[in-house]
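Novice: dropping a prediction and its sequence here:
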Amino acid sequence: MSVRAPNIDRDSAPWWDGLRAHQVVIQECHVCTHRWLPRTPACPYCGTTSPVDRAIAGDGVVYSFVRAHRAMSESMAGEVPYTIATVALDGGGRVFARVEGDCAIGQPVTPEFVDHDSWTELRYRVSQ
């Protein structure tokens, strides 16, 4: 399967650099201490600029999910069915990621890092 690499820019680079190091990096406000994803230039809670990056374990629970039964491209034909979930992270924020195997809302998941040639993909597996 040929996976298309993401467009990494200045704003998203800390996220992708963290994944390359097998870490989940989220932002934290140095004023109100809220944490969030996706990345933004200012705190979505209080508006303070210059948030700091924090590496977290990346564990979380399935908040919502959808199971794809039809490939959206020929390169994904061998991958169906697969699940994409919104994961509520224990460290704060939510992230969209593929979940290996079957999952259910509220089920705990742990991160898995899939290394590609030039980038690393965040996936999840249901915790045992």
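Specialist: Great, that's in hand. Numbers count the residues shown, from 1 in each chain.

Novice: for this structure, what spans make up the helices?
Specialist: Along the chain, the stretches classed as helices by DSSP state H are 13-20.

Novice: which residue is nearest the centroid of it?
Specialist: With distances taken as CA atoms, centre = their mean, residue 95 lies nearest the centre of the chain, 4.2 Å away.

Novice: that one reaches residue 64, doesn't it?
Specialist: No: look at residue 95 against residue 64 with CB atoms under 8 Å: they stay out of range, at 11.8 Å. Placement of C-beta: from N, CA and C, glycine included.

Novice: can you list residues touching both of those two?
Specialist: Taking CB atoms under 8 Å, 6 or more residues apart in numbering as the criterion, residue 95 and residue 64 both touch residue 86.

Novice: returning to what we had before: state the distance from the residue nearest to the centre of the chain to residue 59.
Specialist: For residue 95, the distance to residue 59 equals 12 Å [CB to CB, to the nearest Å].

Novice: where does the prediction get shaky in this structure?
Specialist: Residues of the chain meeting the criterion pLDDT under 70: 1-2.

Novice: now the strands for it?
Specialist: 24-28, 35-36, 52-56, 60-68, 82-89, 94-100, 108-115, 120-126 (DSSP state E).

Novice: what bridges to residue 126?
Specialist: Applying DSSP bridges to residue 126 yields these beta-bridge partners: residue 109.

Novice: what sits closest to residue 67 if chain neighbours are left out?
Specialist: Nearest residue to residue 67 in three dimensions, chain neighbours excluded: residue 83, at 5.0 Å (CB to CB, 6 or more residues apart in numbering).

Novice: pretty sure the one you found is touching residue 69, no?
Specialist: No: contact criterion CB under 8 Å: residue 83 and residue 69 do not qualify, at 10.4 Å.

Novice: neighbour count for the two, which is higher?
Specialist: Comparing residue 83 with residue 69 by neighbour count (other CB atoms under 10 Å), the higher total belongs to residue 83, at 17 against 7.
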